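S.K.: this is a predicted model, with the sequence first.
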Amino acid sequence: MDEEQEIPEVIPVLDEGKYKDEINLEVKESEASGMTSSAAMCLKRELGVVEAIAVMMGAVIGSGIFVTPSGIISITGSVGLALVVWAVCGICITMGAMCFAELGTMFPDSGGFYSYLHKSFGPLPAFLSAWVFLMVRNNGGTAVVALTFSSYLVQSVTGTCHTDHRLPETLIAVLILALQSWMNCKKVVWVGQVQKVFVLSKVVLLTVIIVVGVVHLAHGHTRNYQHPFSGSNWVPTAIASACFHCFFAYNGWEQICNVVEELKNNSR
């Protein structure tokens with residue numbers, strides 16, 4: 001044959017009605033499960049308002065409030081200057097928390113500092129910030145909290161305030177960090193429930209301390225407040241060091257923005 005025979009291309013014909021039915025079925029199953037196509041890759045929104053408050057309070061009310069007051073008093077040298085440092089740092093922290101609350105409602109994406117820096121200045125500053133937080137800031141702060149908890153636990157068991165049981169304290173701290181990491185990876189709802197228990201215990205403990213202090217003052221023990229600024233250390237480096245201790249005690253106000261994508265109603 002001089003001319004090649006043209007072989008017709010076989011194109012499969014889809015049943016349009018059946019194809020549409022399958023698509024509609026998939027969409028209905030997706031809607032029934034509470035997930036749309038745009039939210040299929042998002043984190044599950046399982047944290048309510050109470051869990052969100054517990055996460056923030058649990059992060060702020062930590063070991064810092066129990067270990068830093070004595071350090072601030074020793075650095076500032078007076079009760080008056082120490083109270084001024086606490087007040088000024090508290091105002092600064094409140095302003096930062098309000099800014100982050102606004103950012104959390106405008107950009108409901110998990111990531112906190114990383115997410116906001118990435119949207120504002122690009123990937124490089126966001127990556128550097130995340131690297132510093134991961135390798136330095138978060139690791140150091142979490143280790144201090146875990147060691148403080150284990151130290152108090154060992155002291156409560158042994159009945160002495162000064163112990164040399166460094167190995168048990170370190171092992172307990174490592175176990176606490178491992179358990180906390182496992183719970184965060186396994187199910188965020190568990191973390192919210194645990195936070196509620198610990199936040200309640202912290203609030204009760206702080207309430208007891210405040211009430212005891214007020215009763216102590218009411219009985220006329222005001223000697224430390226008669227000359228509140230006597231012996232104050234006005235050296236700038238000392239005040240900066242005291243502010244650093246105070247910021248550590250207030251630390252945790254931005255933690256809620258790390259899980260804002262998992263909140264059921266982030267505007268609340």
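M.R.: Yep, that arrived. Numbering: from 1, shown residues only.
S.K.: quick one: residue 151 is in a helix?
M.R.: Yes. The assignment for residue 151 (DSSP: H, G, I helix; E, B strand; the rest coil) places it in a helix.
S.K.: elements contacting the helix or strand in which residue 117 is found?
M.R.: Counting by DSSP states H and E, the secondary-structure element that holds residue 117 is helix 113-121. Judged by 3 or more Cβ pairs under 8 Å, 6 or more residues apart in numbering; DSSP states H and E, helix 113-121 is in contact with helix 123-132. C-beta: built from backbone N, CA, C; applies to glycine.
S.K.: quick one, what contacts the nearest residue to residue 202 once chain neighbours are set aside?
M.R.: Once its chain neighbours are removed from consideration, residue 202 has its nearest residue in residue 61; the separation is 4.6 Å (Cβ to Cβ, 6 or more residues apart in numbering). Remark: with contacts taken as Cβ atoms under 8 Å, 6 or more residues apart in numbering, residue 61 is in contact with 199, 202-203, 206, 252.
S.K.: ok, these vs residue 102, which is closest?
M.R.: Within the contacts of residue 61, distances to residue 102 taken as Cβ to Cβ reach their minimum at residue 252, with 18.3 Å.
S.K.: in the stretch 101-250 of the chain, which spans are helices?
M.R.: Listed in chain order, the helices of the stretch 101-250 of the chain (DSSP state H, counting those that start in this stretch) span 113-121, 123-132, 138-158, 166-186, 188-218, 236-250.
S.K.: now residue 220, what are its backbone angles?
M.R.: According to degrees, to the nearest 10, the main-chain angles of residue 220 amount to phi 90, psi 10.
S.K.: same deal with residue 219?
M.R.: Residue torsions, per degrees, to the nearest 10, at residue 219 are phi -90, psi 10.
S.K.: same question for residue 263.
M.R.: Backbone torsions of residue 263, given as degrees, to the nearest 10, read phi -90, psi 140.
S.K.: re earlier: just the angle for the helix holding residue 117 relative to helix 123-132, thanks.
M.R.: Per axes from the mean of the first three to the mean of the last three Cα atoms, to 10 degrees, the angle that helix 113-121 makes with helix 123-132 is 160 degrees.
S.K.: circling back: quick check, nearest of the contacts of residue 61 to residue 158?
M.R.: Comparing the contacts of residue 61 against residue 158 with Cβ to Cβ picks out residue 202 as the nearest, at 22.8 Å.
S.K.: my guess is that closest one meets residue 57, correct?
M.R.: Yes. Counting by Cβ atoms under 8 Å, a contact exists between residue 202 and residue 57, whose distance comes to 7.5 Å.
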